[in-house]
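Colleague: Pasting the sequence and the predicted model now:
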Amino acid sequence: MNARNPPEPGWFVGVEPGDVEAVARGIRDGHATESSDWPGRALESGFAEDEEEYYELLHGATIRAARAEVARRESADDRQLAHAIRALDDCTRTSNEIAERVAEWAGTHDEDARVDMEYVREVAEGAGEDPVEQRLSALATRTAELDDEADELRRFVERSAPDVAPNLSALAGPVLAARLISLAGGLEALARMPSGTVQVLGAEDALFAHLRGNAPSPKHGVIFTHEAVRGTTREHRGSAARALAGKLTIAARVDHYSGDYRPELEAELADRIERIRARDGA
Amino acid sequence: MTLPEGVEHRSIGGETGLATRGDPVYGEPTDGEWRRWDPHRSKLGAMLTKDIDTGLAGDDTVLYLGAASGTTVSHVVDFAGPTYAVEFAARPMRDLLSVAESRDRLFPLLKDVRSPETYAHVVEPVDAIVQDVATRGQARVAVENRQFLHDDGQLVLAIKARSEDVTRDPEAVFQDAIETLEETYEILATERLEPYHDDHLAVVAQPE
């Protein structure tokens, strides 16, 4: 083979044409900074006899690669995501709870004891001979590990939520998207909800207190964590929550029934929120 | 007449419109080998119906960005040469795969059009790029994919104003897009796609 500037490898370099798995992997994982006359180079290198054969191999390989990737992405399912977000919440809640215990216990001999993860990690480091210190440090180590696992789970949710629900994740952020799916009991259940229900998901206690007649109606549930609601002044928050819930509901429906990404939803939401906030100035 | 070779106006089922020769894909009316190309469902179909000179000749090598479920792509393959179809969403890709199975010169790629380096190891330099993506920064996508186009190649682009900014006047959105395109392309023609597609601008351009 000739070598003016060692050329970047095409999808077919280093694989046997008959090894369909390897060929598909070349399509999926390969990359190049520049396009090149790949058919010509494939013939030169003997990967294919002629153009006809090259395109036949390429056809088989691209279909195989795309099909495998579609299957992988579609197996990212809403149930797994719901479990992950619940596990994340459990880890966070439990590690905070034990961190308090660690601080309280450590406070008996360390006057600088504080309730935070940084302090817990300090305690985990210092294991002396003393049996009390040993227990305390072991407990702190487990607590820190639980906190690490919460971080891992969060990263997992951030990675997989956009596969499960691309539009909802883009609009709500992956963590809130996962939380909504979890509270609704699945993406399909969320997609079938009226937006008024989505608006108060996570505020069930307040909602039922209201329905019993002794409390005002809740304006928002977990969607409160969204900037569109939290960043809006109190008197307009109800409107903002209603607008946000409406767009999230549409996003969930697009994700469940069609699956393609519609970036205009984000722009529409931004526009609605901007107009709600502008009411102040009027 | 500026239709590429292999695309004709034909009367099918009492209605005259564009048609190409190939296996039916989405329940479109057919007449023998010919099948109707519905301009309402395809921006490229709308361009050809409106007699915009796309510069597509027939038999070109094509890079199609934003293939979706393959409605338009299937017609493109009917008249063009090897066609690389890039689509990033998994669900439409499933439909595109079934279109590709019966068309041996159609190569589906599940890739993000904003990252050309993830498919530059597969896609050869082409005679035409056809782009119809619903993402913000559509003009930027065309600029970044310029590397795939032969110097005398043709960019055929549909810009959807609502994908950029729903609140702005479409004309202003199109103006910005044109300015971005002019970094690397010479604009040959622009035309709105009404009545087939609202707030869409067709752009035909060549590398500068």
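Modeller: Thanks, I have the structure now.

Colleague: alpha carbons only for contacts and neighbour counts from here, please
Modeller: Fine.

Colleague: Neighbours of the nearest residue to A:Thr225 once chain neighbours are set aside, how many?
Modeller: Leaving aside its sequence neighbours, A:Thr225 sits nearest to A:Leu176 (Cα to Cα, 6 or more residues apart in numbering or on different chains; 7.7 Å). For A:Leu176, the count of nearby residues is 22 (other Cα atoms under 10 Å in any protein chain shown).

Colleague: now swap in A:Ala82 and tell me
Modeller: 24.

Colleague: try B:Arg136
Modeller: If you count neighbours by other Cα under 10 Å, B:Arg136 ends up with 18.

Colleague: show me the residues around it that make contact.
Modeller: For B:Arg136, the contact set (Cα atoms under 8 Å, 6 or more residues apart in numbering or on different chains) comprises A:263, B:163-165.

Colleague: and if you look at B:Asp31?
Modeller: Applying Cα under 8 Å, 6+ apart, one finds that B:Asp31 lies in contact with B:12-13.

Colleague: Please repeat the previous calculation with a cut-off of 10 Å.
Modeller: B:10-13, B:19, B:21 (Cα atoms under 10 Å, 6 or more residues apart in numbering or on different chains).

Colleague: before we move on, back to that, roughly how far apart are the residue nearest to A:Thr225 and chain B?
Modeller: With the distance defined as Cα to the nearest Cα, to the nearest Å, A:Leu176 ends up 22 Å from chain B.

Colleague: quick one, phi/psi of B:Glu117?
Modeller: Backbone torsions for B:Glu117, taken as degrees, to the nearest 10, come to phi -70, psi -20.

Colleague: and it, what does it touch?
Modeller: B:Glu117 sits next to A:30-35, B:111, B:144-145 when contact means Cα under 10 Å, 6+ apart.

Colleague: Next step: the residues you listed restricted to helices.
Modeller: Among the contacts of B:Glu117, DSSP state H puts B:Glu144 in helices.

Colleague: export the contacts of B:Glu117 to CSV and tack on neighbour count and pLDDT?
Modeller: Formatted as CSV, those follow (neighbours: other Cα atoms under 10 Å in any protein chain shown; pLDDT from 0 to 100):
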residue, neighbour count, pLDDT
A:Gly30, 19, 91
A:His31, 21, 90
A:Ala32, 18, 92
A:Thr33, 13, 91
A:Glu34, 18, 92
A:Ser35, 23, 93
B:Lys111, 21, 95
B:Glu144, 16, 96
B:Asn145, 22, 97
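
Colleague: wait, which of the contacts of B:Asp31 is closest to chain A?
Modeller: Chain A lies nearest to B:Arg21 out of the contacts of B:Asp31, by Cα to the nearest Cα, at 20.3 Å.

Colleague: Turn the contacts of B:Glu117 into a markdown table, including distance to B:Val122.
Modeller: Below are those laid out as a markdown table (distance: Cα to Cα, whole Å):
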| residue | distance to B:Val122 |
| --- | --- |
| A:Gly30 | 9 |
| A:His31 | 8 |
| A:Ala32 | 9 |
| A:Thr33 | 11 |
| A:Glu34 | 10 |
| A:Ser35 | 8 |
| B:Lys111 | 11 |
| B:Glu144 | 16 |
| B:Asn145 | 13 |
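
Colleague: out of the contacts of B:Glu117, what pair is the most spread apart?
Modeller: A:Gly30 and B:Glu144 (18.5 Å; Cα to Cα).

Colleague: The residue nearest to A:Thr225 falls within a strand, correct?
Modeller: No. A:Leu176 is assigned helix when assessed by DSSP: H, G, I helix; E, B strand; the rest coil, not a strand.

Colleague: burial of A:Ala278, as a residue count?
Modeller: Other residues close to A:Ala278 by other Cα under 10 Å number 11.

Colleague: after the longest helix anywhere in chain A comes which helix or strand?
Modeller: Looking across chain A with DSSP H, the single longest helix is helix A:131-164. Moving toward the C-terminus from helix A:131-164, the next helix or strand (DSSP states H and E) is helix A:166-172.

Colleague: packing partners for that next one?
Modeller: helix A:131-164, helix A:174-184, helix A:234-257, helix A:264-277 (3 or more Cα pairs under 10 Å, 6 or more residues apart in numbering or on different chains; DSSP states H and E).

Colleague: Try it again at 7 Å.
Modeller: helix A:234-257 (3 or more Cα pairs under 7 Å, 6 or more residues apart in numbering or on different chains; DSSP states H and E).

Colleague: hmm, back to that, would you mind checking which of the contacts of B:Glu117 is nearest to A:Leu88?
Modeller: Of all the contacts of B:Glu117, the one with the least separation from A:Leu88 (Cα to Cα) is B:Lys111, at 30.6 Å.

Colleague: where's the residue nearest to that closest one when sequence neighbours are not counted relative to B:Leu109, distance?
Modeller: Nearest non-adjacent residue to B:Lys111, counting by Cα to Cα, 6+ apart: B:Phe88, 4.9 Å away. Distance of B:Phe88 to B:Leu109, computed by Cα to Cα, to the nearest Å: 8 Å.

Colleague: More neighbours: the two, which one.
Modeller: Between B:Phe88 and B:Leu109, B:Leu109 has the larger neighbour count (other Cα under 10 Å), namely 30 against 22.

Colleague: Contacts only, for the nearest residue to that one once chain neighbours are set aside.
Modeller: Spatial nearest neighbour of B:Leu109, chain neighbours left out: B:Val86 (4.8 Å); criterion: Cα to Cα, 6+ apart. Taking Cα atoms under 7 Å, 6 or more residues apart in numbering or on different chains, we find B:Val86 in contact with B:64-67, B:108-111, B:113.

Colleague: Buried residues in the helix or strand bottoming out on mean pLDDT in chain A, which are they?
Modeller: One helix or strand of chain A scores below all others by mean pLDDT, DSSP states H and E: helix A:204-211, with a mean of 86. Judged by neighbour count (16 or more other Cα atoms under 10 Å in any protein chain shown), helix A:204-211 contains these buried residues: A:206-207.

Colleague: that older thread, verify the stated contact: the residue nearest to B:Lys111 with B:Leu110.
Modeller: Yes. Taking contacts as Cα atoms under 7 Å, B:Phe88 lies within contact range of B:Leu110: 5.1 Å.

Colleague: and the contacts of B:Asp31, which are buried?
Modeller: Buried, going by 16+ other Cα under 10 Å: B:10, B:12, B:19, B:21, out of the contacts of B:Asp31.

Colleague: Between those residues, which sits nearest A:Val254?
Modeller: Closest approach to A:Val254 among those (Cα to Cα): B:Ala19, at 31.1 Å.

Colleague: quick one: that closest one is in a strand?
Modeller: Yes. Assigned with three-state DSSP, B:Ala19 falls within a strand.

Colleague: which residue packs closest to it, ignoring adjacent ones?
Modeller: Distance criterion Cα to Cα, 6+ apart; nearest residue to B:Ala19, sequence neighbours excluded, is B:Arg36 at 4.4 Å.

Colleague: which residues does that neighbour contact?
Modeller: Counting by Cα under 7 Å, 6+ apart, B:Arg36 touches B:17-20, B:28-30.

Colleague: which bits of chain B sit near chain A?
Modeller: Contacts of chain B with chain A, taken as Cα under 7 Å from any Cα of the partner chain, map to B:89-92, B:97, B:104-110, B:117-125, B:134-136, B:147-148, B:162-163, B:165-167.
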